[in-house]
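**Student:** Need the 3D shape of this:
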Amino acid sequence: MHRFGNDDTWSIVDRAEVRPVWTIDEDAVFDDIHTGHEIVGRYTFDMKGGFQQRKALRHARGQMIKTAKEMGWNVFIREGWSVTSLRRGENDFRLEVVYRARPAQSECLSSAKEPPFLTYLPSK
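**Tutor:** Numbers count the residues shown, from 1 in each chain. Next up, the predicted model:
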């Protein structure tokens, strides 16, 4: 049986990253859009029984949307993320998610429904 480090050390199992990309339609009209500076959220998820990268990424994005709304923004025009999967011993799993977004205020644009390139991550 393979052991991942000792029982006190977290070992990196996998890492996926999508650098920030434009997430609005290229035909969008920019006449009435106000943009903010990039915001970054860092989230850690401790899990038992395995990794759920897509679920963690969606949750992190949801938290970022809440933060942006509290700041007066209603749409993301650029988004990117990284997910690092860690393991300690046989049963401890951790995901570290860093989500980057450039928020904006617009009456005519809407955010994408999912994080960009979500399908890069395993479905389970």
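**Student:** In terms of pLDDT, where does the nearest residue to Pro20 once chain neighbours are set aside sit?
**Tutor:** Spatial nearest neighbour of Pro20, chain neighbours left out: Gly80 (3.4 Å); criterion: CB to CB, 6 or more residues apart in numbering. The C-beta positions use only the backbone N, C-alpha and C, and glycine is treated the same way. Looking at Gly80, its pLDDT is 97.
**Student:** Wasn't Gly80 part of a strand?
**Tutor:** Yes - the assignment for Gly80, made by DSSP: H, G, I helix; E, B strand; the rest coil, places it in a strand.
**Student:** Please tell me how far Val97 sits from Gly36.
**Tutor:** Noted for Val97: a distance of 21 Å to Gly36, by CB to CB, to the nearest Å.
**Student:** Neighbour count for these two, which is higher?
**Tutor:** Val97 (23 against 15; other CB atoms under 10 Å).
**Student:** coming back round to it: please name the bridge partners of the residue nearest to Pro20.
**Tutor:** Arg100 (DSSP bridges).
**Student:** For it, give me its contacts.
**Tutor:** Contacts for Gly80 (CB atoms under 8 Å, 6 or more residues apart in numbering) come out as Glu17, Val18, Arg19, Pro20, Val21, Tyr99, Arg100, Ala101, Pro116.
**Student:** next one: Val13
**Tutor:** Phe4, Phe51, Ser85, Leu86, Arg87.
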